[in-house]
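Novice: Mind folding the following:
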Amino acid sequence: MTRPSSRQRLPLWLLATATIAAVAAVLAVVLLVGGRSLPDRAGPPVEQLTVERTVLSPGAIELNLRNTGPDPVQVAQVTVNDVFVSFAGAVQPLGRLGADTVRLDFPWQDGQPYRVAILTSTGAVIEHEIPAAVATPETGGSLLGLMALLGTYVGIIPVVLGMALLPVLRRAGPTAVRTLLALTVGLLAFLAVDATLEGLELAEPAGAFGGPVLVFLGAGLAFLALSAVDRFLRHRAAQQTDPAVPGHRLALMIAIGIGLHNLGEGLAIGSAYAVGELALGTSLVVGFALHNTTEGLAIVTPLTRHRPAPGRLLYLGLLAGAPAIIGAVAGATVTNAALSSLLLGLGVGAIIQVVTQLAPSLRTHTGRILDPATAGGLSAGLLIMYLTGLFVAA
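Specialist: Model (predicted):
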């Protein structure tokens with residue numbers, strides 16, 4: 001008996017479609033029959049509410065609520081510092097992942113702490129702390145302009161200043177270049193760890209959307225995306241004979257990675273200012289200038305053996321620093337823990353991908369990575385970022 005030839009077999013697309021349809025049909029039957037065959041859940045309903053954003057205006061407090069639990073939640077009463085207050089909004093029960101805004105009529109005082117307790121229809125109490133009440137800035141042209149200016153101060157200007165050290169780096173020898181590359185790896189590694197910790201902290205209110213998983217999801221997506229971009233750039237570079245192409249490609253990847261990090265950093269800055277946790281002043285600007293100048297140094301280190309055009313350097317500086325403006329504007333206008341965690345995760349994944357590209361450049365002619373020069377560079381990079389980071393806390 002002969003087997004059917006390849007021409008007599010079903011086309012691949014038809015076979016795949018039939019298989020997917022069969023799987024979907026079985027899942028539909030399980031969905032319809034399975035729920036009826038299983039017993040109902042015993043015990044009280046599980047009610048969880050998360051306050052995603054707090055907006056304070058004269059005589060009122062607005063809470064943006066989201067149901068992060070499995071069961072519907074009906075807001076029955078609200079107290080502020082153990083005093084019942086009238087409220088508007090959340091008339092209907094909030095379903096799973098549902099969101100609504102509750103407006104409390106309460107004459108709050110500037111700088112005072114408040115504890116808001118939300119009582120549900122089942123008697124559960126969900127509390128929310130306001131450490132220090134401060135009026136929420138109104139979204140408008142002045143706020144957006146302020147965030148754009150702040151993003152320029154902490155993003156573009158420091159990065160460009162760091163890139164201005166290229167003429168000094170160009171006169172360094174091979175050992176000095178390897179030391180600087182190790183310094184760059186240390187800088188980026190610190191940024192990755194710092195962004196991961198910050199993302200995990202911000203992810204706590206976003207438990208319904210995965211919480212800390214969002215940080216790692218963003219990191220994985222960014223790593224894979226940048227790996228694809230790097231593969232594309234490598235393919236283009238292989239078709240060119242210019243010896244400066246590999247250095248330019250690596251500088252571009254570093255700028256993209258730092259840009260994604262600065263996007264998350266700007267988001268954190270804008271969010272902190274919107275809730276009154278950030279004081280704008282000279283100390284903040286100087287702190288970020290010291291901290292982010294080292295990012296510009298990391299970008300130009302692969303270009304020490306080449307002479308890039310000023311336009312290319314400006315492009316790299318904007319690519320790395322300008323996302324801080326976008327992040328600051330978004331953070332001041334839209335507060336979303338899930339988005340913040342995902343964006344910080346993107347920066348982490350981008351930086352890790354860049355570090356994996358830089359690591360082979362640290363090898364000596366004998367294949368060693370850790371020698372006194374690279375070990376010193378790595379240590380210096382970590383210490384520089386730690387010490388300059390202390391100024392940002394101001």
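Novice: Would you map the strands across this structure?
Specialist: Using DSSP state E, the strands of the chain run over 49-57, 60-67, 75-80, 83-85, 87-88, 99-105, 114-120, 125-130.
Novice: mind listing what the last one pairs with, with the direction of each?
Specialist: So the one you mean is strand 125-130. Here strand 125-130 is paired, per DSSP bridges, with strand 114-120 (antiparallel).
Novice: pLDDT value on residue 216, please?
Specialist: With respect to pLDDT, residue 216 has a value of 91.
Novice: One more: residue 321?
Specialist: 90.
Novice: gap between it and residue 263?
Specialist: 10 Å (C-beta to C-beta, to the nearest Å). Glycine gets a C-beta too; all of them are placed from N, C-alpha and C.
Novice: what does stretch 14-23 contact?
Specialist: The contact list for stretch 14-23, computed with C-beta atoms under 8 Å, 6 or more residues apart in numbering, reads residue 10.
Novice: which residues sit in contact with residue 31?
Specialist: Counted by C-beta under 8 Å, 6+ apart, residue 31 has zero contacts.
Novice: More neighbours: residue 321 and residue 263, which one.
Specialist: In terms of neighbours (other C-beta atoms under 10 Å), residue 321 is the more surrounded of residue 321 and residue 263; the figures are 29 against 25.
Novice: correct me, but the more buried one touches residue 155?
Specialist: Yes - with contact defined as C-beta atoms under 8 Å, residue 321 reaches residue 155; the gap is 3.8 Å.
Novice: Name the residues contacting each of these two.
Specialist: 262, 292.
Novice: Burial-wise, tell me which of the strands of the chain comes out on top.
Specialist: strand 60-67 (a mean of 21; mean count of other C-beta atoms under 10 Å).
Novice: Paired strands for that strand, with orientation please.
Specialist: For strand 60-67, using DSSP bridges, the partner strands are strand 49-57 (antiparallel), strand 99-105 (antiparallel).
Novice: Figure out which of those strands is closest to residue 150.
Specialist: strand 49-57 (20.0 Å; C-beta to C-beta).
Novice: what angle do that closest one and strand 75-80 make?
Specialist: 50 degrees (axes from the mean of the first three to the mean of the last three C-alpha atoms, to 10 degrees).
Novice: Not counting sequence-adjacent ones, nearest residue to residue 385?
Specialist: residue 190 (3.8 Å; C-beta to C-beta, 6 or more residues apart in numbering).
Novice: Any idea which residue is closest to the centre of this protein?
Specialist: residue 344 (1.7 Å; C-alpha atoms, centre = their mean).
Novice: That one and residue 201 touch, don't they?
Specialist: No - with contact defined as C-beta under 8 Å, residue 344 does not reach residue 201; the gap is 9.6 Å.
Novice: picking that back up, just put the strands of the chain in a markdown table and tack on distance to residue 291 and mean pLDDT.
Specialist: Converted to a markdown table, these look like this (distance: least, C-beta to C-beta, whole Å; pLDDT from 0 to 100):
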| stretch | distance to residue 291 | mean pLDDT |
| --- | --- | --- |
| strand 49-57 | 28 | 85 |
| strand 60-67 | 32 | 91 |
| strand 75-80 | 38 | 93 |
| strand 83-85 | 42 | 92 |
| strand 87-88 | 42 | 92 |
| strand 99-105 | 35 | 92 |
| strand 114-120 | 33 | 93 |
| strand 125-130 | 29 | 90 |
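Novice: tell me the contacts of the residue lying closest to residue 203 once chain neighbours are set aside?
Specialist: Among residues not flanking residue 203 along the chain, residue 341 sits closest, at 4.0 Å (C-beta to C-beta, 6+ apart). Residues counted as contacts of residue 341 (C-beta under 8 Å, 6+ apart) are 199, 200, 202, 203, 206, 211, 212, 214, 215, 218.
Novice: By pLDDT, give me the weakest of the residues you listed.
Specialist: Out of these, that is residue 206, at 66.
Novice: Now do the same for residue 41: its pLDDT.
Specialist: Reported pLDDT for residue 41: 69.
Novice: now residue 35
Specialist: With respect to pLDDT, residue 35 has a value of 66.
Novice: same deal with residue 86?
Specialist: pLDDT, residue 86: 92.
Novice: neighbours of it, just the number please.
Specialist: 10.
Novice: Residue 357 too?
Specialist: 18.
Novice: Which residues are in contact with it?
Specialist: 230, 250, 253.
Novice: quick one: contacts for the second one?
Specialist: Contact criterion C-beta under 8 Å, 6+ apart gives 302, 357, 358, 361 as the residues in contact with residue 250.
Novice: of all these, which comes closest to residue 246?
Specialist: residue 302 (8.0 Å).
Novice: Quick check: chain neighbours aside, which residue is closest to the closest one?
Specialist: The nearest residue in space to residue 302 (C-beta to C-beta, 6+ apart) is residue 250, at 4.1 Å.
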